[in-house]
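Engineer: have a look; sequence and predicted model below, questions after that.
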Amino acid sequence: MESYTFKPQRVCAKLISFDLDEENRLHGVLFMGGCPGNLPAIAKLVEGKDATEIANILRGNLCGGRGTSCADQLAIAIDEALKSRTA
């Protein structure tokens, strides 16, 4: 299992961390800062799920005119992590 940390942009969360197992499933998603109800719920919903599938679902979700959201930033973080695995 590999750990990843991502600094999101233009959202309330200050840091996103998660692990990817050898089958690219998400584990231990943690948002530092941000909405105290929604973000822990997202973390629970994505636990053990395929990272690519989750990124595709969350990508493009917007929040309050920011042009992104914490969920969208998680998708970006997942994309970067998966790309680093194939590099």
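Structural biologist: Here it is on my side, so go on.
Engineer: show me what the strand or helix carrying residue 76 is packed against.
Structural biologist: Element membership of residue 76, judged by DSSP states H and E, is helix 70-86. On a contact count with 3 or more Cβ pairs under 8 Å, 6 or more residues apart in numbering; DSSP states H and E, helix 70-86 meets strand 2-6, strand 15-20, strand 26-32, helix 38-46, helix 51-58. Glycine gets a C-beta too; all of them are placed from N, C-alpha and C.
Engineer: list the contacts of residue 47.
Structural biologist: In this structure, residue 47 makes contact with 26, 27, 28, 29, judged by Cβ atoms under 8 Å, 6 or more residues apart in numbering.
Engineer: report the buried members of these.
Structural biologist: Buried by 16 or more other Cβ atoms under 10 Å: 26, 27, 29, out of the contacts of residue 47.
Engineer: CSV for the residues you listed, including pLDDT and distance to residue 12?
Structural biologist: As requested, these are exported to CSV (pLDDT from 0 to 100; distance: Cβ to Cβ, whole Å):
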residue, pLDDT, distance to residue 12
26, 98, 21
27, 98, 23
29, 98, 16
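Engineer: let's have the residues you listed in JSON lines, adding distance to residue 42.
Structural biologist: Shown next, in JSON lines, are the buried ones among the contacts of residue 47 (distance: Cβ to Cβ, whole Å):
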{"residue": "26", "distance to residue 42": "10"}
{"residue": "27", "distance to residue 42": "14"}
{"residue": "29", "distance to residue 42": "7"}
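Engineer: contacting residues for the residue nearest the centre of the chain?
Structural biologist: Nearest to the mean C-alpha position of the chain, by Cα atoms, centre = their mean, lies residue 74 at 2.3 Å. For residue 74, the contacting residues are 6, 16, 18, 29, 31, 42, 46, 54, 55, 58, by Cβ under 8 Å, 6+ apart.
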